[in-house]
Every structure is written in C-alpha cells, then in structure tokens.
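**Q** Quick one, fold the following:
(one chain, ligands or ions: 1)
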Amino acid sequence: MKKVLILNGSLRKKSNSTQLGNSLVMPQEYELEINRYNAYNMNVKPCTGCGWCDKNVGCVFDDMDGFFADFEAADYFVITTPVYNGGVPAPLKAVVDRFQRYYALRFAHGVKPPVAKPKRAALVITAGSKGEGREYIEKMFRQQFTVMNTMLVTTVFVDSTDTKQVGEEEYRLAFEHGKRLFEY
Ligand SMILES: Cc1cc2nc3c(=O)[nH]c(=O)nc-3n(C[C@H](O)[C@H](O)[C@H](O)COP(=O)(O)O)c2cc1C
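**A** I've put the predicted structure just below:
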C-alpha cells in the first residue's frame, strides 16, 4: 500500500486548506495509508542554524525523529496551508526550516540523493484575498523539494476565502488535482 504523509498548516476546526486536502487525498479511491500531522500540534523547536547537521547526520534536536521517519517512508507528500502574511503560518515554517538536515546531508556530507525514496507532492494553499501568497509559497517548497527527492506535481490554490465560501466546486477541483498526484 502506498503511503501518504499529510502535513496540515491550519488549526482551525473548519479549515479550508485542511478540508481541501482531504478532498485531494481519497484513501478509499487509491488504497492509501495515511499519516497525518498538524504543524501546530507538533510543537517543534525552530532551527537555530547551529550547524550540527553539517558535522553529524541528523539534527541536534530529536523532537521530529518520528515525523522524519514517516517522511522518508512516504510515497506522497501533501502539504496544506493558509497564507499568513504572504507566507505560511509560523508553526509550519518551523517544520519547513527543520528540513535543513537534508541540505546538510546533500551538500556537507555529499549524499545524493539525501532522501532515498522518491516522492510526489501536492500543495494546497488558501488565501483570504485574491491571488495572495501562492508564488512565494510554491517557490519555497520547490526549492526545498530539490534536496528531498520530491517532485511538486500539482498545487491547489483557492483564494478570496474572506469573501466567498469554499464549497462543492472547490472540493471537486481538489479531487481532480488528486488524480494528477495519484494516477500516473
Ligand atoms: C494571521 C493571519 C494572516 C493572514 N494573512 C493573509 C495574507 O497575507 N493574505 C491573504 O490573502 N490572506 C491572509 N489571511 C487569511 C487566510 O489565508 C484565509 O482565511 C485562509 O482561507 C484560512 O485558511 P484555513 O481555513 O485553512 O485556516 C490571514 C489570516 C490570518 C489569521
């Protein structure tokens, strides 16, 4: 069974981005094993840039060891996030920065690829205003995926959530994006 790692970046009960992510990943359609994390509940230590990972393999902090084991085992990586001040919410950014260990593995330790199992990824981004945030967030993840053996296959971007309700049309759109991710 293929494994999906879902990383949610919103803690809201009826989070648009989380619900769109659920429409994208349909385990009953594709027989997927799902591991789900919410960045807010992970309470990770932010990267301090201490350089430990340049000299050693891994990270000086062990609070994300379980997450990274699930990440390395995954076939698919789905990240859902609202736009907060042009970027991603702080807890998700803390998780993102902790992937520094793979940059170190690639460039300080010369391991190629630093993540053995290739992954296909999807982003789900929601924004309150029109057109906000997508470009920056996609760029950030695309850059990071280069050291994660991960290919960004598709992005679901739903904007103007401040003024319009996310509904059936958007959920169907997310499901269609899921086909791009899982049917290839
Ligand atoms: C702290 C904060 C900052 C936000 N910053 C932006 C922003 O810069 N641009 C934007 O379009 N929407 C912004 N929003 C609105 C959210 O992106 C929008 O409500 C989104 O749909 C929430 O997704 P969720 O339902 O998954 O939590 C912000 C919301 C909050 C609470």
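**Q** what residues does the longest helix belonging to the chain touch?
**A** Longest helix of the chain, by residue count under DSSP state H: helix 168-182. With Cβ atoms under 8 Å, 6 or more residues apart in numbering as the test, helix 168-182 has contacts from 2, 19-21, 23-26, 29-30, 32, 76, 78, 120-122, 124, 153-156, 158. Quick note: C-beta positions are derived from backbone N, CA and C, even for glycine.
**Q** of the residues you listed, buried ones?
**A** Neighbour counting with 16 or more other Cβ atoms under 10 Å marks 19-21, 23-25, 30, 32, 76, 78, 120-122, 124, 153-156, 158 as buried within those.
**Q** from those, which ones fall inside strands?
**A** Applying DSSP state E to the buried ones among the contacts of helix 168-182, the entries found in strands are Leu32, Tyr76, Val78, Arg120, Ala121, Ala122, Val124, Val153, Thr154, Thr155, Val156, Val158.
**Q** Kindly indicate which of these lies nearest the ligand.
**A** Closest to the ligand out of these is Val158 (7.4 Å), distances taken as Cβ to the nearest ligand atom.
**Q** Beta-bridge partners for the closest one, please?
**A** Beta-bridge pairing of Val158 under DSSP bridges involves Thr126.
**Q** And it, what's its pLDDT?
**A** Predicted confidence (pLDDT) for Val158: 98.
**Q** show me what contacts it?
**A** By Cβ under 8 Å, 6+ apart, the contact list for Val158 reads Asn16, Leu20, Val124, Ile125, Thr126, Ala127, Val166, Glu170, Leu173.
**Q** Asn8 too?
**A** Ser15, Ser17, Thr18, Gly21, Arg36, Tyr37, Asn38, Ala39, Thr80, Thr81.
**Q** Burial check on the third one, number of neighbours?
**A** Thr18 sits with 22 neighbouring residues when counted by other Cβ atoms under 10 Å.
**Q** Next to the ligand, which bits of the protein? Give me the list.
**A** Residues of the chain that fall close to the ligand, judged by Cβ under 6 Å from any ligand atom: 10, 12, 15-18, 82-86, 126-129, 132-133, 161.
**Q** which secondary element of the protein has the worst mean pLDDT?
**A** Using mean pLDDT, DSSP states H and E, the weakest-scoring helix or strand in the chain turns out to be helix 27-30, at a mean of 82.
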